[in-house]
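Participant: coords please:
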Amino acid sequence: MIWYLTVMLTYAELDESKLTKWQEHSFDDDQACHLFLTTNKVALVDSLLERFRNEDDNTLTSFEFYCQGETIILQEV
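Facilitator: Numbers count the residues shown, from 1 in each chain. Below you'll find the model as predicted:
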């Protein structure tokens, strides 16, 4: 399993929140993901606001970071 930092974005003009994977980083387990989030939160928030504050003329009203696991299935060749 691989873990990603995921962000739930809520915009005033949209009825549903949007999810986005923060693909610059991936982690071997959820604890590494949470540690990264804890130690880098200010930089992550700065980057998130710069990138998503006004996306497609929608105004960001809220966001939440969380760690999401994904199973990777490798195919034999």
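Participant: This structure: strands as residue ranges?
Facilitator: Assigned by DSSP state E, the strands in the chain fall at 2-11, 18-27, 54-55, 58-70.
Participant: deepest of these, which one?
Facilitator: Scoring those by mean neighbour count under mean count of other C-beta atoms under 10 Å gives strand 2-11 as the most buried, with a mean of 18. Using the backbone N, CA and C atoms, a C-beta is placed for each residue, glycine as well.
Participant: Not counting it itself, show me its contacts.
Facilitator: The contact list for strand 2-11 (C-beta atoms under 8 Å, 6 or more residues apart in numbering) reads 17-23, 25-30, 32-33, 36-37, 44, 48, 52, 55, 58-70, 72.
Participant: coming back round to it: for Glu76, find the nearest of the strands of the chain.
Facilitator: Evaluated over the strands of the chain, closeness to Glu76 peaks at strand 2-11, with 18.8 Å, by C-beta to C-beta.
Participant: State the mean pLDDT of the closest one.
Facilitator: Mean pLDDT, computed over strand 2-11, is 94.
Participant: That one vs strand 18-27, what angle?
Facilitator: Here the directions of strand 2-11 and strand 18-27 differ by 150 degrees (axes from the mean of the first three to the mean of the last three C-alpha atoms, to 10 degrees).
Participant: How far does the worst-scoring helix or strand of the chain on mean pLDDT sit from its chain's centre?
Facilitator: One helix or strand of the chain scores below all others by mean pLDDT, DSSP states H and E: strand 18-27, with a mean of 85. Taking C-alpha atoms, centre = their mean, to the nearest Å, one finds the center of strand 18-27 at 4 Å from the center of the full chain.
Participant: Appreciated, that's everything.
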